[in-house]
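Student: Give me a 3D structure for the following:
(one chain, ligands or ions: 1)
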Amino acid sequence: MVPDRSSLSSSGTSTVDHHRAGRIAIIGATGVVGREAISILESKGLSRSRILALASERSVGMTIPYASDLLAIESADACDFVGVSVALFCASSDVAQNLAPRAIAAGAAVIDNSSAFRLHPDVPLIVPEINRAALAHGSTLVANPNCSAVILTVAVEPLRQAFGLRAIDIATYQAVSGAGQGGIDDLLNQVKAAALGRTQAPSFFREPCLFNVFSHDSAIEPETGLNVEERKIIDESRKIWSLPTLRITPTCVRVPVLRAHTQAITVELDQPATERDVRDAFAAARGVRVVDDRVASNFPTPLKAAHGDDVLVGRIRPDPGTSPDASGRSRRWCLLACGDQLRKGAASNAIQIADCLGLLTPANAQATSIAIA
Ligand SMILES: NC(=O)c1ccc[n+]([C@@H]2O[C@H](COP(=O)([O-])OP(=O)(O)OC[C@H]3O[C@@H](n4cnc5c(N)ncnc54)[C@H](OP(=O)(O)O)[C@@H]3O)[C@@H](O)[C@H]2O)c1
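Tutor: Model prediction:
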């Protein structure tokens, strides 16, 4: 259910002036996405007094280092969100469903990393490089897309813009941190045990992570055989691009990598293109960095993508299963992409959205209108 928008005027603008308040609440501050969001806010120079670190009752009393100081974790359940300009939800869908209405009623804009509201027709699902225009002035609830959908859409957007899109095949190789702190703990515990010559049974995933690759741990739809991650890639990419019938064929797999997802992507374009055209499109794109040196065999890897905001793209080549036309142009192109799913797939994208809405910069607090390019 989408939060009650009764605090909104008919123009969609909150009746509470949240832009003046200035505090930034992180709900799920102890989790992997929440901690990443806090570290990005710290690197942007936001003062500690503006950050409200919230988590479950279990974490109350814990602290997180911030700018040579400490942030005390407070209870999200007990928070009234008064004085909060933006609430970055970095917790489960249930937590977002329960607490987002309270945050909105108190005048905060909510940016939610969970899947709770992503497909609701009234909620913008935003990747700023692609569809920031879908952010309305005074947007009160914005959804951050699934991490794999963000990485895919950012990687393919330069080709979509230049040549149009007909279809995408994608196979993912997803890091264990995509499932949260529990996924990291599972892999690290198995690594430590292996170093001592022992075997550690999984306690979070169903399958062992170490020395293994397994089908994505989300539930399988019995009727289609798709898992939930694959369904999210299809539905959310279509919504981000406003291409409701785009053919997308995903297979999602978990690999023993700590952070940053890898994707093998084949795109079918509306207009055929030469390799020069394709490379030029990537060279001019925002949020994408080409790593594609065939001589040195230098291509995207999760380690190269980790801790950065760019999606790395390489192995750019025409589909060898099709022949180029007489002008040397092909419709189908293969790529390898890697992106840090904790940053561009979650925390950085959410903070970019807050920036687009003018919610982070105190200088913008007096602004009466927010320009969205
Ligand atoms: N991991 C990724 O790569 C990724 C990417 C995109 C989107 N997401 C989404 O982002 C959200 C957070 O994922 P995560 O990977 O950071 O998970 P995580 O590491 O397991 O962290 C979960 C966070 O939720 C908090 N939490 C649990 N119950 C709560 C409650 N009742 N009230 C307030 N906070 C509560 C936890 O606090 P305690 O420590 O107190 O339990 C913790 O801070 C999820 O919706 C996930 O689907 C994750």
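Student: burial of the closest residue to the ligand within the stretch 51-200 of the chain, as a residue count?
Tutor: As assessed by Cβ to the nearest ligand atom, the ligand sits closest to residue 180 within the stretch 51-200 of the chain, at 2.9 Å. Backbone N, C-alpha and C define where each C-beta goes, glycine included. Neighbourhood size, residue 180 [other Cβ atoms under 10 Å]: 17.
Student: Now residue 179: closest residue in space, sequence neighbours ignored.
Tutor: Once flanking residues are discounted, residue 179 sits nearest to residue 217: 6.2 Å by Cβ to Cβ, 6 or more residues apart in numbering.
Student: For the ligand, see how far away residue 288 is.
Tutor: 19 Å (Cβ to the nearest ligand atom, to the nearest Å).
Student: Residue ranges in the protein under the pLDDT threshold?
Tutor: Applying pLDDT under 70 to the chain flags residues 1-21, 362-373.
Student: Does residue 268 belong to a helix, a strand or coil?
Tutor: strand (DSSP: H, G, I helix; E, B strand; the rest coil).
Student: That one reaches residue 322, doesn't it?
Tutor: No. If you go by Cβ atoms under 8 Å, residue 268 and residue 322 don't touch, sitting 9.1 Å apart.
Student: Comparing these two, which residue is more hemmed in?
Tutor: Between residue 268 and residue 322, residue 268 has the larger neighbour count (other Cβ under 10 Å), namely 19 against 13.
Student: Tell me what that one is bridged to.
Tutor: residue 167, residue 332 (DSSP bridges).
Student: Up against the ligand, what does the stretch 101-250 of the chain have?
Tutor: By the rule Cβ under 6 Å from any ligand atom, the part of the stretch 101-250 of the chain lying against the ligand is 113, 114, 147, 177, 178, 180, 181, 182.
Student: Need these in a markdown table (columns: secondary structure).
Tutor: Converted to a markdown table, those look like this (three-state DSSP):
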| residue | secondary structure |
| --- | --- |
| 113 | coil |
| 114 | coil |
| 147 | helix |
| 177 | helix |
| 178 | helix |
| 180 | coil |
| 181 | helix |
| 182 | helix |
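Student: Out of those, which comes closest to residue 240?
Tutor: residue 147 (12.9 Å; Cβ to Cβ).
Student: Next, please give the residue ranges for the helices of the stretch 101-250 of the chain.
Tutor: Remark: helices assigned in the stretch 101-250 of the chain by DSSP state H, counting those that start in this stretch are 128-131, 147-163, 181-195, 228-241.
Student: swap in the stretch 251-373 of the chain?
Tutor: With DSSP H, counting those that start in this stretch as the criterion, the stretch 251-373 of the chain has helices spanning 275-283, 302-305, 348-356.
Student: Of the helices of the stretch 101-250 of the chain, flag the one that's most buried.
Tutor: Of all those, helix 147-163 carries the top mean neighbour count, a mean of 25, counting by mean count of other Cβ atoms under 10 Å.
Student: out of the helices of the stretch 251-373 of the chain, which comes closest to residue 190?
Tutor: Residue 190 lies closest, by Cβ to Cβ, to one member of those: helix 302-305, at 17.8 Å.
Student: Buried ones in the closest one, by neighbour count?
Tutor: Neighbour-count burial for helix 302-305 flags 302, 304, 305 (criterion: 16 or more other Cβ atoms under 10 Å).
Student: I'd like to know which elements that helix is packed against.
Tutor: Taking 3 or more Cβ pairs under 8 Å, 6 or more residues apart in numbering; DSSP states H and E as contact, the helices and strands that helix 302-305 lies on are strand 311-318, strand 330-339.
Student: could you list every residue that touches the residue nearest to residue 246 when sequence neighbours are not counted?
Tutor: In space, and not counting its chain neighbours, residue 246 is closest to residue 238: 5.3 Å by Cβ to Cβ, 6+ apart. Going by Cβ atoms under 8 Å, 6 or more residues apart in numbering, residue 238 touches 244, 245, 246, 248.
Student: residue of the stretch 201-350 of the chain with the smallest distance to the ligand?
Tutor: Closest point on the stretch 201-350 of the chain to the ligand, by Cβ to the nearest ligand atom, is residue 346, at 3.6 Å.
Student: list the contacts for that residue?
Tutor: Applying Cβ under 8 Å, 6+ apart, the residues near residue 346 are 33, 36, 37, 90, 113, 144, 147, 150.
Student: The same query, at a cut-off of 7 Å, please.
Tutor: Residues near residue 346 by Cβ atoms under 7 Å, 6 or more residues apart in numbering: 33, 36, 113, 144, 147.
Student: Cheers, nothing more for now.
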